[in-house]
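In: Just to be clear, the model below is a prediction. Sequence and coordinates:
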Amino acid sequence: MTGVADAGGTPSGPRPDHVQSLVRGLAVIRAFDAEHPEQTLSDVARATDLTRAAARRFLLTLADLGYVRTDGRLFALTPRVLELGYSYLSSMGLPEIAMPHLESLVGRVRESVSVSVLDGPDVVYVARVPTSRIMTVTITIGTRFPAYATSMGRVLLAALPAPELDASLAQRRPEALTDRTLADPSGLRAELDRVRADGFCVVDQELEAGLRSIAVPVRDRSGRVVAAANVSTHATRASTEQLRDDVLHLGLDGLR
């Protein structure tokens, strides 16, 4: 890793105060995921483009700190890693404030409700009250999806100033995730204009077949959009018209 990202997400040269060892240590943590929960030293070195010696030092340091466990051959993250994400959630205060509203809304619409924030080209889930599982992938706090193909993502993208929107869209080229995905850049921008004007967004089976959702922006006291909230359902349970006419007015618009 030879550079860092500036505020717009564009790689740039290392700053004088850039701590390369911290970058590499975080890369080691990110090397573990659902597909690779346990890895050998060689696996981690390969995934992070580190030498085996460097990967070993980072892994053993993380093990000393309690973030990694090992049986001598395989390495895996420990629950202590959750502290890193919890620190962010605690500093936001948003999940604690949102949860009572989400639980109340779930009681009215009988569908899953979530809150997410924008991180570059992705939405990241920070609060969720599920009902039944309607996706092939399990959604938990920290789950990421491409913003362009989600209702919450489009609400968040639509709220960005033009330069930030350009930077976010430049980080990931839209691609067809289903046969309904809006992947044309000009069409996507036109849709974001409509979302900005309407104040909500409905996405019909663009992220995954059978999944429909409606999202609204969540604003702070100054009126700035800081997150998005959505209600998601299976396509057999609610039409797009029902999402707009019923779900929106059953309380989702109250989160705006």
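Out: Nice, I can see it.
In: Please make it C-alpha for all contacts and neighbour counts, starting now.
Out: Will do.
In: How about residues contacting stretch 187-201?
Out: 148, 151-152, 154-155, 157-159, 182, 214-217 (Cα atoms under 8 Å, 6 or more residues apart in numbering).
In: mind running it again at 10 Å?
Out: 148-160, 165-166, 169, 174, 181-182, 184-186, 202, 213-217, 228-230, 244, 248, 252-253, 256 (Cα atoms under 10 Å, 6 or more residues apart in numbering).
In: Restricted to buried residues, select those in PyMOL.
Out: Only the buried members of these enter the following PyMOL selection, criterion being 16 or more other Cα atoms under 10 Å:
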select buried, resi 148+149+150+151+152+153+154+155+156+157+158+159+165+169+174+181+182+202+213+214+215+216+217+228+229+230+244+248+252+253+256
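In: From the contacts of stretch 187-201, which land in helices?
Out: With DSSP state H as the criterion, helices contain 151-158, 165-166, 169, 185-186 from among the contacts of stretch 187-201.
In: so how many other residues sit close to the closest residue to residue 74 other than its chain neighbours?
Out: Leaving aside its sequence neighbours, residue 74 sits nearest to residue 40 (Cα to Cα, 6 or more residues apart in numbering; 4.7 Å). Counted by other Cα atoms under 10 Å, the residues lying close to residue 40 total 15.
In: same deal with the one 10 residues further on?
Out: Around residue 50 sit 18 other residues, with neighbours defined as other Cα under 10 Å.
In: Neighbours of residue 33, how many?
Out: Count around residue 33 with other Cα under 10 Å applied: 11.
In: buried set for the lengthiest helix in the chain?
Out: Using DSSP H, we find that the single longest helix of the chain is helix 94-109. For helix 94-109, a neighbour-count test (16+ other Cα under 10 Å) marks 94, 95, 98, 99, 101, 102, 103, 105, 106, 109 as buried.
In: Help me confirm that the fifth one comes into contact with residue 252.
Out: Read that as residue 101. Yes - contact criterion Cα atoms under 10 Å: residue 101 and residue 252 qualify, at 9.3 Å.
In: list residues touching both of these two?
Out: With Cα under 10 Å, 6+ apart as the test, residue 101 and residue 252 both reach residue 113.
In: can I assume residue 177 sits in a helix?
Out: No - going by DSSP: H, G, I helix; E, B strand; the rest coil, the assignment for residue 177 is coil, not a helix.
In: quick one: it and residue 185, what's the gap?
Out: To residue 185, residue 177 is 14 Å away according to Cα to Cα, to the nearest Å.
In: Kindly list the main-chain dihedrals of the most far-flung residue of the chain relative to its centre?
Out: Centroid-distance maximum for the chain: residue 72 at 33.5 Å, with Cα atoms, centre = their mean. With angles defined as degrees, to the nearest 10, residue 72 sits at phi 100, psi -20.
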